[in-house]
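just the structure for this:
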Amino acid sequence: MNEEKYDLIVIGSGAAGIIAAITAARNGKKVILLEKLSNISAKLKATGGGRCNLTNTLSNEEFMSRFGRDGRFMQDALSAFDNKELVKFMDEIGVTTHAPDGFRIFPTSHSSATIISALDKEMQKLHIEVKCNQKVERLLLVGSHIEGVKTAKSSYSAPNVVVATGGLGYPLLGAEGDGYLMAEELGHKVTELSPAMMPLKTEEKWVASCRADTIAKVELRVDIKKYKKLRAKGDLIFTKSGIRGPVVLDFAREVTPLLKKYGAVPLLLNLTKGMNEEQITKHLKKSALKNPNATTLDLVKTLLPDALSLELCKLAGIDTESTLSKQAGKARAKLISLLAWTPLTINGHDGFRLAMITRGGISLKEIDPKTMQSKLVKGLFFCGEIMNLDGPCGGYNLQWSFASGYLAGKSIF
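Residues are numbered from 1 along each chain as shown. So this is what the prediction gives:
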């Protein structure tokens, strides 16, 4: 065991780990932060495409609701460190923020490098010892109390350890799931882990012809009777092999567990901003009256981008050179149906390689929400993505990482 003793050892240099270290150090604790990579905050650097959507402007109640039934677990952490406190903290360390769309809060630089630099300077100012290239292999116990950690190179002693190793997403940025293994070795339950917040692949090949446009206000829903209530709305982008965009990134967290269960997941997409069959029929007929010589394809283009209009007409068996009135009744009915709800079959994804977050993690039942301390091991704390709690796009997961990290750091005794 290393001769030098610390009050706190933090494992992981993401948002959760760094703020836990800073909070404890501000409270007079002697802190060391261990990072297995050669630099700190690799994943934070990549967050939001490097722009770093820190949080959003929602109230705490609304914020928690977006995480589903387990969202209430965050109540104490958000009460201690919500979006307002995060903005205030960033201002204290020299990072100005703004919400250009009135909802998502970014650093005004729109660069995660600004945040990482400021956090690093704050840790230096507080004399937090940061050691990179230090992979923790094992948590050390005396009875049911944490004693320290063992790395490949050394051992470190402390009565408190914060595990903030994140999930399995983006393995190139250091995600290996080592924190889950450490927790399991000490008796903690880790729920099933699934990749989330990522593009999805489709069985249908026509999507590759529609890559040029973003489709706004798309509604997605799962077309499996047992899961009819699973739905989401937002902007969608077709890709060479499937779909992506904000609504897909959000909905992926619901789809990936079903994909594992069923092998393929049928979806229905409303691409016409919520219009139903009756409204679509009226719109097309009205457009045809204004322009009697317009082809059916021309009429569909009043609702959707050109490439997508053509593909849906093909799927319906429409003669694209003919007017709506001259189409066969079956083809016309099929077109209306496709415009209201377009079927797509999700048949794959790129796994954790492109997953921004992990769905699943250490069971919340075994963590005290008032402190983030393990209920099984005294002095052991968890924060951030390693826990079984994940939210949609829009600053939710990063705010949760900061809030849970802050509460863990504050709770160090």
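
state the pLDDT value of residue 163.
pLDDT recorded at residue 163 is 98.

I figured it hits residue 181, correct?
No. Counting by Cβ atoms under 8 Å, residue 163 does not reach residue 181; the two are 10.7 Å apart. For every residue, glycine as well, the C-beta is placed using N, CA and C.

so for these two, which sits in the more crowded spot?
residue 163 (33 against 13; other Cβ atoms under 10 Å).

ok, that one to residue 34 distance?
Using Cβ to Cβ, to the nearest Å, residue 163 is found at 11 Å from residue 34.

for this protein, what helix or strand is lowest in average pLDDT?
Ranking every helix and strand in the chain by mean pLDDT, DSSP states H and E puts helix 42-46 at the bottom, with a mean of 83.

who are the packing partners of the one helix or strand residue 91 maps to?
For residue 91, the host element (DSSP states H and E) is helix 83-92. Under the contact definition 3 or more Cβ pairs under 8 Å, 6 or more residues apart in numbering; DSSP states H and E, helix 83-92 sits against strand 55-56, strand 97-98, strand 104-107, helix 396-410.

now the third one: mean pLDDT?
Pointing back at strand 104-107 there. Here the average pLDDT along strand 104-107 is 96.

and that strand, how far from the chain's centre?
Averaged C-alpha coordinates place strand 104-107 at 16 Å from its chain's average position (Cα atoms, centre = their mean, to the nearest Å).

now the first one
Between the mean C-alpha point of strand 55-56 and the mean C-alpha point of its chain there is a distance of 13 Å (Cα atoms, centre = their mean).

now that strand: average pLDDT?
Confidence for strand 55-56, expressed as mean pLDDT, is 98.

ok, now the last one?
Mean per-residue pLDDT for helix 396-410: 97.

can you state the direction angle for it and helix 83-92?
Between helix 396-410 and helix 83-92, the angle comes out at 80 degrees (axes from the mean of the first three to the mean of the last three Cα atoms, to 10 degrees).

which elements pack onto helix 396-410?
Counting by 3+ Cβ pairs under 8 Å, 6+ apart, helix 396-410 packs on helix 15-26, strand 55-56, helix 75-80, helix 83-92, strand 161-163, strand 380-382.

need the overlap of contacts for residue 163 and residue 34.
Residues within reach of residue 163 and of residue 34 at once, by Cβ atoms under 8 Å, 6 or more residues apart in numbering, are 11-12.

walk me through the domains of the protein.
Domain assignment for the chain, taken from automatic domain parsing, gives 8-194+360-410, 199-349.

that older thread, what does the helix holding residue 91 rub up against?
Applying Cβ under 8 Å, 6+ apart, the set of residues contacting helix 83-92 is 19, 54-58, 63, 81, 96-97, 105, 107, 115, 118, 399, 402-403, 406.

which among these count as buried?
By neighbour count, with 16 or more other Cβ atoms under 10 Å, the contacts of helix 83-92 hold 19, 54-58, 63, 81, 97, 105, 107, 115, 118, 399, 402-403, 406 as buried.

so is residue 33 in a helix, a strand, or just coil?
Of the three states, residue 33 takes strand according to DSSP: H, G, I helix; E, B strand; the rest coil.

which element is the residue lying closest to it once chain neighbours are set aside on?
For residue 33, ignoring the flanking residues on the chain, the nearest one in space by Cβ to Cβ, 6 or more residues apart in numbering is residue 10 at 4.4 Å. In this assignment (DSSP H and E), residue 10 forms part of strand 8-11.

what's next to that strand, contact-wise?
So strand 8-11 is in contact with 17-18, 20-21, 24, 29-34, 136, 148-149, 156, 158, 160-165, 179, 409, 412, going by Cβ under 8 Å, 6+ apart.

and stretch 322-336, by the same measure?
277, 280-281, 284-285, 288, 292-296, 299-300, 312-313, 315-319.
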